[in-house]
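*Asks:* please find the sequence and the predicted model below.
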Amino acid sequence: MTAFDLTIIGLGYVGMPLAKEATAAGLRVAGLDVDPRKVDALNAGRSYIDDLTDADLDAMLSGGFTAMLDASVLSRSRTIVICVPTPLDEDHRPDLSAVEGATRTVAEHLQAGTLVVLESTTWPGTTDELARPILEQSGLVAGEDFHLAFSPERIDPGNPKFGLRNTPKVVGGYTPACKERAVAFYSQFVERVVPVSGTREAEMAKLLENTYRHVNIALVNEMAIFCDELGVNLWEAIEAASTKPFGFQKFLPGPGVGGHCIPVDPSYLSYTVRKLGYPFRFVELAQEINERMPSYVVARVQRLLNRARKPVNGSRVLLLGVTYKPDIADERETPAIPVAEALLELGAELSFCDPYVKKWSVEGTPVPREEDLAEAVAAADVVVLLQQHSAFDLDVVEERASLVLDTRGVLATSERVERL
């Protein structure tokens with residue numbers, strides 16, 4: 001008899017929500033990670049995940065969940081799910097070193113009859129071409145001796161409406177039997193499981209979802225740039241267009257894209273297409289547009305200050321919200337970083353205000369944190385609203401700021417307040 005129904009490799013924003021739902025469904029769940037600090041924190045009941053409270057973690061621990069560093073737990077697990085990061089390297093190429101390392105660890109402990117699922121976002125073909133050969137070094141054959149599947153994570157940190165349980169789960173198996181086994185596993189704690197014909201289709205589904213968002217965000221970002229020059233209120237135009245009950249989905253401009261998906265996943269798809277011998281032009285153009293938005297934000301800050309006869313050099317610039325999305329502490333790929341880098345290079349006296357971030361540094365340089373929103377706004381030469389945390393009193397910003405650049409379209413425009 002196996003000791004655990006499920007072992008999750010990678011105890012981050014993807015792995016921990018999975019552990020929570022599986023434990024709540026009565027499964028015996030173990031979490032495996034290489035970071036002893038994470039393991040110690042979890043076993044002590046301290047959560048470091050936005051969507052997992054200490055109370056949630058206490059309930060999980062009471063339900064039998066345990067975090068560990070010992071990979072031998074894999075040999076005593078009926079199902080193994082890999083939830084490790086898949087970032088880009090310095091050349092914007094997929095970095096699958098964490099996936100390869102986790103898969104090798106699984107291969108060292110793999111037992112017959114085990115279900116192995118990869119959830120880490122990656123290019124189509126990874127499960128079959130990269131993970132399967134490594135796993136089969138165990139001497140076991142995928143589809144015969146063990147089951148292999150891919151199921152893309154769809155975690156949206158901070159989303160109060162959709163979590164793992166009520167977000168449909170796409171599942172693709174290496175063989176039909178692998179698919180059936182994976183569907184049966186996820187059906188224990190996910191309301192709707194969506195089977196597809198193979199692992200490649202499941203891998204592509206994830207990339208398609210995020211590439212769709214990436215391209216449409218780039219569209220409105222580019223429109224924001226030329227609408228400003230044309231004297232057109234794009235925000236009003238977007239709201240007007242969104243009244244159409246069919247054929248249109250609202251996307252909003254912003255200072256750039258951030259998080260664990262949008263800035264990264266389309267590059268995995270572009271990488272795959274380039275292996276065929278030609279570029280994925282939509283994705284690469286969208287990447288170019290979205291990556292230039294931080295510099296455009298800085299140019300707009302310069303313009304605001306110039307109108308007030310002030311240079312950026314020596315001006316007090318306050319950044320409001322430095323996380324990649326509102327009401328969470330996640331700073332991964334936040335566009336606040338390149339905005340801050342450019343402002344510092346121009347000589348700005350930079351500070352930030354964010355209720356979710358206690359310490360923040362840019363290129364190793366600590367940025368002062370402002371505790372009192374009203375005082376900080378009043379003291380700044382220009383305020384840049386990068387993230388609209390609900391804790392921010394926007395009336396205070398509108399009333400007390402000398403100048404404001406609103407990159408999120410949530411403030412009323414005036415002589416002192418401009419929208420992106």
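*Replies:* Okay, I see it.

*Asks:* what is the neighbour count of residue 108?
*Replies:* Here the neighbour count serves as a burial measure; for residue 108 (other CB atoms under 10 Å) it reads 13. Every residue, glycine included, has its C-beta placed from N, CA and C.

*Asks:* now it: which helix or strand?
*Replies:* Residue 108 belongs to helix 97-109 when elements are defined using DSSP states H and E.

*Asks:* got the CA positions of that helix in CSV?
*Replies:* In CSV, the C-alpha atoms belonging to helix 97-109 read as follows (Å, rounded to 0.1, in the frame of the first residue of the first chain):
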residue,chain,number,x,y,z
SER,A,97,16.2,22.9,-16.0
ALA,A,98,13.7,22.7,-13.1
VAL,A,99,11.4,20.3,-15.0
GLU,A,100,14.4,18.2,-16.1
GLY,A,101,15.7,18.0,-12.5
ALA,A,102,12.3,17.2,-11.0
THR,A,103,11.7,14.5,-13.7
ARG,A,104,15.1,12.9,-13.0
THR,A,105,14.3,12.8,-9.4
VAL,A,106,10.9,11.1,-10.1
ALA,A,107,12.7,8.5,-12.4
GLU,A,108,15.0,7.6,-9.6
HIS,A,109,12.1,6.6,-7.4
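
*Asks:* tally of neighbours for the closest residue to residue 3 other than its chain neighbours?
*Replies:* Across the structure, with CB to CB, 6 or more residues apart in numbering as the measure, the residue nearest residue 3 apart from its sequence neighbours is residue 76 (3.9 Å). By the criterion of other CB under 10 Å, residue 76 has 15 neighbours.

*Asks:* that older thread, what does the helix holding residue 108 rub up against?
*Replies:* By CB atoms under 8 Å, 6 or more residues apart in numbering, the surrounding residues in contact with helix 97-109 are 9-10, 71-72, 74-75, 80, 82, 84-86, 116, 118, 120, 122, 126, 130-131, 134-138.

*Asks:* what's in contact with stretch 222-234?
*Replies:* 220, 237, 253, 289, 296, 300, 420.

*Asks:* among the residues you listed, which are located in helices?
*Replies:* When these are checked against helices (DSSP state H), the matches are 220, 237, 289, 296, 300.

*Asks:* which stretches of the stretch 201-350 of the chain form helices?
*Replies:* For the stretch 201-350 of the chain, the helices defined by DSSP state H, counting those that start in this stretch cover 234-241, 265-274, 281-307, 336-345.

*Asks:* so how far is residue 42 from residue 54?
*Replies:* Relative to residue 42, residue 54 is positioned 10 Å away (criterion: CB to CB, to the nearest Å).

*Asks:* ok, residue 143 next?
*Replies:* As for residue 143, its distance to residue 42 is 34 Å (criterion: CB to CB).

*Asks:* same question for residue 327.
*Replies:* Note on residue 327: its distance to residue 42, by CB to CB, is 23 Å.

*Asks:* of the two, who's got more company?
*Replies:* Set side by side, residue 327 and residue 42 show more neighbours around residue 42, with 25 against 18, by other CB under 10 Å.

*Asks:* now do the strands in the stretch 1-150 of the chain.
*Replies:* 4-9, 29-32, 66-68, 77-82, 115-118, 147-150 (DSSP state E, counting those that start in this stretch).

*Asks:* how about the nearest residue to the residue nearest the centre of the chain, chain neighbours excluded?
*Replies:* Within the chain, the residue whose C-alpha comes closest to the C-alpha centroid is residue 260; the distance, by CA atoms, centre = their mean, is 2.6 Å. Counting by CB to CB, 6+ apart, the nearest residue to residue 260 once its immediate chain neighbours are dropped is residue 332, at 5.3 Å.

*Asks:* that neighbour: how many residues sit nearby?
*Replies:* Applying other CB under 10 Å, we find 18 residues neighbouring residue 332.

*Asks:* do residue 358 as well
*Replies:* Counted with other CB under 10 Å, the burial measure for residue 358 works out to 8 neighbours.

*Asks:* what's near enough to touch the nearest residue to it once chain neighbours are set aside?
*Replies:* Leaving aside its chain neighbours, residue 358 sits nearest to residue 369 (6.9 Å; criterion: CB to CB, 6+ apart). Contacts here follow CB under 8 Å, 6+ apart; on that basis residue 369 touches 351, 352, 353, 354, 357, 358, 359, 360.

*Asks:* in strands, which of those appear?
*Replies:* The members of these that map onto strands under DSSP state E are 351, 352, 353.

*Asks:* domain parsing for the chain?
*Replies:* With domains defined by automatic domain parsing, the chain comprises 4-197, 213-419.

*Asks:* now these in JSON lines, with mean pLDDT?
*Replies:* Output for the domains of the chain, formatted as JSON lines (pLDDT from 0 to 100):
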{"stretch": "domain 4-197", "mean pLDDT": "95"}
{"stretch": "domain 213-419", "mean pLDDT": "93"}
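
*Asks:* and of the ones you listed, who's closest to residue 207?
*Replies:* Nearest to residue 207 among those is domain 213-419; the distance by CB to CB comes to 4.3 Å.

*Asks:* what is the end-to-end distance of that closest one?
*Replies:* Counting by CA to CA, to the nearest Å, you get 22 Å between the two ends of domain 213-419.

*Asks:* what about the strands in the stretch 301-420 of the chain?
*Replies:* Taking DSSP E, counting those that start in this stretch, the strands of the stretch 301-420 of the chain run over residues 316-320, 349-353, 361-362, 365-366, 382-385, 404-406, 417-419.
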